[in-house]
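> Predicted model and sequence follow; I will ask about them next.
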Amino acid sequence: MPLLVSQKNQVFQLIEEAGLNPAEFVLEEVNSRFDVVPKATRMNFREGTYYFLFEKANRRDMHYVVYCPGLHEYESQARPGTDWYLLLAYVKEWLGNLQREVTETDRWQKMGLTVAQTRLNFGGTQELADIPFTEPQQTQIKERFQLATARLEETDLTEEQIEVLKVRFDHLGNMSGKLGRTDWESLMVGTLVSAFTSLGVGPETARMVWEILRQAFGQLLLG
C-alpha cells in the first residue's frame, strides 16, 4: 500500500505530536504479502528494529497493518477496514509503544543490567566486523537460537515471556544475513535489553538468559 503525500504528512504529524524525532523514521517500499497491490509501505524506526507496515488486504480497500512493538506483545496485527483514521489510531498506539521502549531502556540500564556491556565477539577479526555472516553461519545462528530457546524453561520466565523471546530470537536469526557482524551483535543486545524491559524481566533472570545464549553460541562464529 503506497502512501499518498497527504497520508505521509498525517503520519509524520503524529510523530511530531508524540514528541519523537521524524528524522529517526524512514519510509520504504517492500513487497506486499497480498495480491491486491504489488507493494506495501514499511516505516522503520532507527535501524529497523521497530516498524509499522501499511498493507492493503483486498480490493475493497481494506487496510491491514503490522507493527512492532505491540502494546502487550512484540508484534501486533490489525485490520482497520476502510477507515484511514482508524488506521492512524493504530499508528498513534504504535508511537506510544515506541516511547515506552525508548524511555524504559534508560531506566533499565540505570538498574545496573550488565547485558549491554557484554559482547560475544561475533565479529571475530577487524576484517570481518563489517561483513555479513555466510549462509552456513546464518543457518548455524538460527540453530543456536533454537538451542537457547529450549533452555529458557530453566529460568523463572513465564510462558508468555518465553513466547515473546522466541519471536525476537526468530527476528534476530532473520537479520543475521542483512547486517555486518558487529552491527548485528549491537542489534542483538539492543533487542534483548528492550525485551527484558517491556516484559518486566528482573536483572538476574536477564543475566541467566544471556548466559544461556553465550553457552549456546560458544566460539563457533568467531573468525
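Sure, I can see it.

> From residue 39, how far out is residue 5?
Residue 5 sits 16 Å away from residue 39, going by CB to CB, to the nearest Å. Yep, even glycine has a C-beta here, placed from its N, CA and C like the rest.

> More neighbours: which of the two?
The residue with the greater number of neighbours, taking residue 5 and residue 39 and applying other CB atoms under 10 Å, is residue 39; the counts read 14 against 7.

> beta partners for that one?
residue 31 (DSSP bridges).

> need the contact list for the residue nearest the centre of the chain.
Most central in the chain under CA atoms, centre = their mean is residue 49, positioned 3.7 Å from the mean C-alpha point. With contacts taken as CB atoms under 8 Å, 6 or more residues apart in numbering, residue 49 has the following neighbours: 68, 187, 190, 191, 194.

> tell me which of those is nearest to residue 156?
Of all the contacts of residue 49, the one with the least separation from residue 156 (CB to CB) is residue 194, at 19.9 Å.

> Show me what stretch 82-102 is in contact with.
Where contact means CB under 8 Å, 6+ apart, the residues beyond stretch 82-102 that reach it are 7, 10-11, 14-15, 18-20, 45, 50, 52, 54, 60-63, 65, 67, 69-71, 78, 80, 194, 197-198.

> cool, and stretch 63-74?
Contacts of stretch 63-74 with the rest of the structure, by CB under 8 Å, 6+ apart, involve 1, 34, 49-57, 75-84, 87, 90-91, 93-94, 97-98, 100-101, 164, 167-168, 171, 194-195, 198.

> Go again with 7 Å.
Contacts of stretch 63-74 from elsewhere in the structure, counted by CB atoms under 7 Å, 6 or more residues apart in numbering, are 50-57, 75-81, 87, 90, 93-94, 97, 101, 164, 167-168, 198.

> same deal with stretch 15-27?
For stretch 15-27, the surrounding residues in contact (CB under 7 Å, 6+ apart) are 8, 12, 41, 43, 44, 45, 46, 95, 98, 99.

> From the residues you listed, which one has the minimum pLDDT?
Least confident entry in these, by pLDDT: residue 46, with 77.

> What count of nearby residues applies to it?
Here the neighbour count serves as a burial measure; for residue 46 (other CB under 10 Å) it reads 14.

> for the strand or helix carrying residue 78, packing partners?
The secondary structure element spanning residue 78 is strand 76-81 (assigned by DSSP states H and E). Based on contacts counted as 3 or more CB pairs under 7 Å, 6 or more residues apart in numbering; DSSP states H and E, the elements that strand 76-81 packs against are strand 62-68, helix 84-110.
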